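>>> I'd like to go over a predicted model; first the sequence, then the structure.
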Amino acid sequence: MIDCIFCKIVNGKIPAEIVFENDHVMAFRDIQPQAREHFLFIHKAHQADLVEMVHENPEGVLQIMKAIGEFSKKTKMKENGFRVVTNIGRSAGQSVFHTHFHVLSDNHLGRFGK
Ligand code: 5GP
Ligand code: ZN
């Protein structure tokens with residue numbers, strides 16, 4: 001999608017610190033980390049949010065989850081513990097409308113909610 005910032009990262013039009021990539025999935029560091037380790041996992045094919053994606057590309061959701069699992073085992077994340085979050089809609093804090101999963105890891109992650 002032409003104006004989508006994450007599509008631009010996929011296409012190499014804007015830089016990102018890429019930590020994982022395969023044919024379907026890409027992951028890079030969040031520009032404003034909310035934990036010691038904060039990555040964004042996305043599918044290369046644009047879908048606005050998880051609800052759309054489950055409809056349009058359910059296989060893609062699994063591909064992202066597999067990538068997160070693989071990455072967590074390759075790094076210390078699986079051992080240390082981590083959290084996966086996706087925001088859907090502005091009131092939930094979604095600001096980029098290309099489905100992404102926040103992957104957060106830290107010595108201690110506070111409870112989420114408010
Ligand atoms: P959302 O608010 O939609 O759940 O998450 C969007 C995330 O994308 C935010 O945590 C924000 O810091 C991150 N972000 C926005 N623009 C960029 C960018 O150009 N590069 C990277 N690496 N992260 C970005
Ligand atoms: Zn996009």
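Thanks, I have it. Ligands and ions are numbered 1, 2, ... in the order given.

>>> use CA for all of it now, contacts and neighbours both
Will do.

>>> Which residues outside the helix or strand harbouring residue 79 are in contact with it?
Per DSSP states H and E, residue 79 falls inside helix 77-80. Outside helix 77-80, the residues that touch it by C-alpha atoms under 8 Å, 6 or more residues apart in numbering are 69, 71, 72, 73, 105, 106, 107.

>>> same deal with stretch 91-106?
Contacts of stretch 91-106 (C-alpha under 8 Å, 6+ apart): 4-7, 34-43, 46-50, 53, 77, 80-89.

>>> What subset of the residues you listed is buried?
6-7, 35, 38-43, 46-47, 49-50, 53, 77, 82, 84, 86-88 (16 or more other C-alpha atoms under 10 Å).

>>> Rank the helices and strands of this protein by mean pLDDT and give me the bottom one.
Across the helices and strands of the chain, mean confidence by mean pLDDT, DSSP states H and E is lowest for helix 77-80: a mean of 94.
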